[in-house]
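> next comes the sequence, and after it the predicted model I'd like to discuss.
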Amino acid sequence: MAKSASKPLKRAKPAVSDSYTRIYAAVRKIPRGRVTTYGSIARMAGFPRQARLVGYALHAIGSASNLPWHRVINAQGKLSLVRDGKSSGITQRILLEREGVRVAAGSRVSLKQYGWRLT
C-alpha cells in the first residue's frame, strides 16, 4: 500500500466577533497622549464589568494593527500589554512615551494626569 502524502490543513483566521469590533471602536476613540482602563473600554463598548474581554480582544489583534492598543492600561494605572515582536522591539512604554505620556517607576501612568473617559 502506498502512503498518501498528507497536506497540512490551512486554518482560516477566525472572524472578528461583534464584541471585539465594538471594543476596537472604543479603543480608537482614545486621544493621542491619553490612556484609559480596560474597564472603561468595556463600559464604552457596552460590556460593563468585562474588562478581561477587552484584554482578550487586544491580545487578538495582529502586530501590524494600527489600533492604539498601547493606550489601554489596568485600573491601577500600570502597563499590562507588551507588543514586543522579535523584529519591532516596540513596547507599550515606548509608544506611550512617544505620545508624551510619562511612565513612572513600576510601569505606572498617572490616571489623574493622563486618564481619559468618554464624556
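All right, it came through fine.

> contacts only, for the residue nearest to residue 111 when sequence neighbours are not counted.
Closest residue to residue 111 apart from its sequence neighbours, by CB to CB, 6 or more residues apart in numbering: residue 77 at 4.8 Å. For the C-beta atoms, the positions are set from N, CA and C on the backbone; glycine is no exception. Applying CB atoms under 8 Å, 6 or more residues apart in numbering to residue 77 gives the contacts 108-111.

> can you put those in JSON lines and add neighbour count, pLDDT and secondary structure?
Compiled in JSON lines, these are given as follows (neighbours: other CB atoms under 10 Å; pLDDT from 0 to 100; DSSP: H, G, I helix; E, B strand; the rest coil):
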{"residue": "108", "neighbour count": "15", "pLDDT": "94", "secondary structure": "strand"}
{"residue": "109", "neighbour count": "24", "pLDDT": "97", "secondary structure": "coil"}
{"residue": "110", "neighbour count": "13", "pLDDT": "97", "secondary structure": "coil"}
{"residue": "111", "neighbour count": "18", "pLDDT": "97", "secondary structure": "helix"}
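
> pretty sure residue 33 contacts residue 114?
Yes. Counting by CB atoms under 8 Å, residue 33 does reach residue 114; the two are 7.1 Å apart.

> overlap in contacts of these two?
By CB under 8 Å, 6+ apart, residue 33 and residue 114 have these common neighbours: residue 101.

> residues in contact with stretch 108-119?
Stretch 108-119 is contacted from outside by 26, 29-31, 33-37, 40, 44, 71, 73, 76-79, 96, 101-104, using CB under 8 Å, 6+ apart.

> what about those, which are in strands?
Residues of these located in strands (DSSP state E): 36-37, 73.

> what is the nearest of these to residue 64?
Nearest to residue 64 out of the ones in strands among the contacts of stretch 108-119 is residue 73 (CB to CB; 22.1 Å).
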